[in-house]
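1. with the input below, show me the fold.
(one chain, ligands or ions: 1)
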Amino acid sequence: MGVKIVDTALRDGPQSLIATRITTEEVLAAAKDMDNAGYYAMEVWGGATFDACLRFLNEDPWERLREIRKVCKNTKLQMLFRGQNILGYHHYADDVVEKFVQKSIENGIDIIRVFDALNDIRNLKSAVEATKKYKGHCQIALSYTTSPIHTIEYYVNLAKEVEKLGADSLCIKDMAGVLLPDAAYELISKLKANTKLPIELHSHCTGGICQLTYMKAIEAGVDIIDTALSPFSDGTSQPTTEAFNYALKGTKYDPKLNQDALDKAAATLSKTKQKYLDNGTLNPKSLGVNPNILKYQVPGGMLSNLMSQLKAQGAMDKYDEVLKEVPRVRKDMGYPPLVTPLSQMVGTQAVMNVITGERYKMVPKEIKEYLHGNYGAAPAPVDEAIKKQIIGDDEVITCRPADLIAPEFEAYKEKYKDLVKSDEDVLSIALFENVAIKFLEEKYNPRPKIEAIIDEFNLNVR
Ligand code: CO
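-> Purely as a prediction, here's the structure:
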């Protein structure tokens, strides 16, 4: 049996390289040929795609999914799901999680990849149960990071829990691209030896080592790897699908993809890529290699965020100091993996610590929430003295955060009954209330064109 391929050119590729701005039309143009490639699955939905559709593209994300499903008749469709955060940035009630999973599957998703930033298994439970209830394939992804507590043994123990929880497969999600080749070999070997689950590896090329890491993982017996078609591969994205199809051809790992179909889809996506290069959305820098992520162990996206925060403060000279502060903040916070939303929180705190010249003099609201336990359990104990300095003797919750959230779905449905036309609409509002309301109002009651033109004109002459 060869290694199986999940292609990410329609989700993580564009999310990593062009801030998820790819349109449904562009997705559909490539999807038909991709469907003939012989992939194990195509990752096409979830992550930031939902938010980007509503907020930036004026598109209905549910319609995108249905259209992709119509075009892809042979290939399983996969989505990325942020556990209790669904596709948003805070915890939602269990009934919204369940309904979202149900509607994702009804509209065409086969495989739901669920993860939690902190690897707090309790935050995965609702999504896992719902996926099984509605007969989807439930994959649990573990956020990979390096720290004194994130050892191979830690991941093997988590994998055993994930198996008990009822996952159908397990993914190592290395969002920062810091998994080294030898570590991957040992990790995958031990996961294979200690669980019966199919193992998938997801990493990023940001640091320039990902192809080496994938090869060692393949030799260790990894079942599935995530790659992207060439127009949206490498740089901050996944390694190239075509390259792996050639590299493994004729070996026992041969993924046996249809090279003609890959070439056709890649030709279509090349035109799309050119458009985003021309309009500046695709920064050629993202296509290069950044070994600093290996030095500092932070994701590429976080490096660019820190840079823009410091630029806005006119404090670019503090960049090195901030990069040294990031691991210290992370240690104080109990070594959270640097993935959304923790990467932004830890980064902002590090910037504040350096700019004010006094550690934790200023603290963002989200860090306070985190210390109150509202994101779940920190991987390791947080620094008690710093916690006391920030939240004093406040009560800290130790239960699953969503246990404290009352059902929300019916209340949204009732509140917006004059606007929504489906449960999918209600879910869009439950996740991104104001953004979705604006989108749906425009969708169902489009203003006459001439009015919009006059408005635009008045804005421009003012
Ligand atoms: Co990724």
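
2. wouldn't Ala167 be in contact with Leu142 here?
-> No. Taking contacts as Cβ atoms under 8 Å, Ala167 lies outside contact range of Leu142: 10.3 Å. The C-beta positions use only the backbone N, C-alpha and C, and glycine is treated the same way.

3. now do the same contact list for Met175.
-> 143-144, 202, 204, 299, 337-339 (Cβ atoms under 8 Å, 6 or more residues apart in numbering).

4. what does the helix or strand in which Phe244 is found rub up against?
-> Per DSSP states H and E: Phe244 is located in helix 241-247. Residues outside helix 241-247 that contact it (Cβ under 8 Å, 6+ apart): 3, 5, 7, 9, 37, 211, 214-215, 225, 227-230, 233, 255, 257, 259, 262-263, 266.

5. again, 6 Å this time
-> Applying Cβ atoms under 6 Å, 6 or more residues apart in numbering, the set of residues contacting helix 241-247 from outside is 7, 227, 229-230, 255, 257, 262.

6. and which of the residues you listed is nearest Lys73?
-> Within the contacts of helix 241-247, the smallest distance to Lys73 is 16.0 Å, found for Asp7 (Cβ to Cβ).

7. the closest one: neighbour count?
-> Asp7 has 30 neighbours, counted by other Cβ atoms under 10 Å.

8. swap in Lys196?
-> Lys196, neighbours per other Cβ under 10 Å, totals 6.

9. from Glu153, how far out is it?
-> 19 Å (Cβ to Cβ, to the nearest Å).

10. how far does the helix or strand hosting Ala30 sit from its chain's centre?
-> Using DSSP H and E, Ala30 sits in helix 24-34. Relative to its chain's centre, helix 24-34 lies at 21 Å (Cα atoms, centre = their mean, to the nearest Å).

11. what's it in contact with?
-> In contact with helix 24-34 (Cβ under 6 Å, 6+ apart) are residues 10, 42, 59, 64, 67-68, 71-72, 261, 264-265, 268-269, 272.

12. name the nearest residue to Val420, ignoring sequence neighbours.
-> Val426 (5.2 Å; Cβ to Cβ, 6 or more residues apart in numbering).

13. residues touching that neighbour, list them.
-> Counted by Cβ under 6 Å, 6+ apart, Val426 has contacts 412-413, 420.

14. now name the helix or strand holding it.
-> helix 423-431.

15. what is the subsequent helix or strand relative to that helix?
-> helix 433-444.

16. report pLDDT for the nearest residue to Thr398 once chain neighbours are set aside.
-> Of all residues not flanking Thr398 in the chain, Gly373 sits nearest, at 6.1 Å (Cβ to Cβ, 6+ apart). With respect to pLDDT, Gly373 has a value of 96.

17. in a helix, Gly373, correct?
-> No. Looking at Gly373 with DSSP: H, G, I helix; E, B strand; the rest coil, it is coil, so not inside a helix.

18. that one and Leu404, how far apart?
-> Counting by Cβ to Cβ - Gly373 and Leu404 are separated by 10 Å.

19. ok, now Pro14?
-> Pro14 is 36 Å from Leu404, by Cβ to Cβ.

20. these two - which one has more neighbours?
-> The neighbour count for Pro14 versus Leu404, taken as other Cβ under 10 Å, is higher for Pro14 (31 against 12).

21. do you have the strands of the protein handy? List them.
-> Here the chain has its strands, by DSSP state E, at 4-7, 41-46, 76-81, 111-115, 137-143, 169-173, 199-202, 224-227.

22. quick one: which of these is nearest Met333?
-> Using Cβ to Cβ, the strands of the chain put strand 137-143 closest to Met333, at 14.4 Å.

23. contact partners of the closest one?
-> 110-115, 119, 128, 131-132, 158, 162, 167-173, 337, 339.

24. highest neighbour count among the contacts of helix 24-34?
-> Ranked by neighbours (other Cβ under 10 Å), those are led by Leu10, which has 29 neighbours.

25. okay, now the domains of the protein?
-> Per the record, the chain has its domains at 4-284, 298-398, 407-461, by automatic domain parsing.

26. which one of those domains is the most hemmed in?
-> domain 4-284 (a mean of 21; mean count of other Cβ atoms under 10 Å).

27. span of it from start to end?
-> Using Cα to Cα, to the nearest Å, one end of domain 4-284 lies 30 Å from the other.

28. poorly predicted segments of the stretch 351-462 of the chain, please.
-> 448-462 (pLDDT under 70).

29. which residues of it fall in helices?
-> 365-371, 384-391, 409-415, 423-431, 433-444, 449-461 (DSSP state H, counting those that start in this stretch).

30. Asn279: which of these is closest?
-> Of all these, helix 449-461 comes closest under Cβ to Cβ, at 20.3 Å.

31. just put the helices of the stretch 351-462 of the chain in JSON lines and tack on distance to Asp95.
-> Formatted as JSON lines, these follow (distance: least, Cβ to Cβ, whole Å):
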{"stretch": "helix 365-371", "distance to Asp95": "22"}
{"stretch": "helix 384-391", "distance to Asp95": "30"}
{"stretch": "helix 409-415", "distance to Asp95": "5"}
{"stretch": "helix 423-431", "distance to Asp95": "9"}
{"stretch": "helix 433-444", "distance to Asp95": "16"}
{"stretch": "helix 449-461", "distance to Asp95": "37"}
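
32. to Phe100, which of those lies closest?
-> helix 423-431 (5.4 Å).

33. give me the distance from the closest one to the chain's centre.
-> With Cα atoms, centre = their mean, you get 20 Å for helix 423-431.

34. then stretch 206-220?
-> That offset, for stretch 206-220, works out to 20 Å (Cα atoms, centre = their mean).

35. for stretch 270-285, same thing?
-> For stretch 270-285, the distance to the chain centre is 21 Å (Cα atoms, centre = their mean).

36. residues making contact with it?
-> With Cβ under 6 Å, 6+ apart as the criterion, stretch 270-285 contacts 17-18, 21, 26, 231.

37. could I get those residues as JSON lines with distance to Tyr319 and pLDDT?
-> Conversion of these to JSON lines gives the following (distance: Cβ to Cβ, whole Å; pLDDT from 0 to 100):
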{"residue": "Leu17", "distance to Tyr319": "23", "pLDDT": "92"}
{"residue": "Ile18", "distance to Tyr319": "25", "pLDDT": "92"}
{"residue": "Arg21", "distance to Tyr319": "27", "pLDDT": "95"}
{"residue": "Glu26", "distance to Tyr319": "35", "pLDDT": "98"}
{"residue": "Pro231", "distance to Tyr319": "32", "pLDDT": "98"}
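
38. between the residues you listed, which is nearest Pro148?
-> Distances from Pro148 to those, taken by Cβ to Cβ, are shortest for Leu17, at 32.9 Å.

39. orientation of the helix ranked longest in the chain relative to helix 24-34 in degrees?
-> In the chain, assigned by DSSP state H, the helix with the most residues is helix 259-278. Orientation of helix 259-278 against helix 24-34 (axes from the mean of the first three to the mean of the last three Cα atoms, to 10 degrees) gives an angle of 160 degrees.
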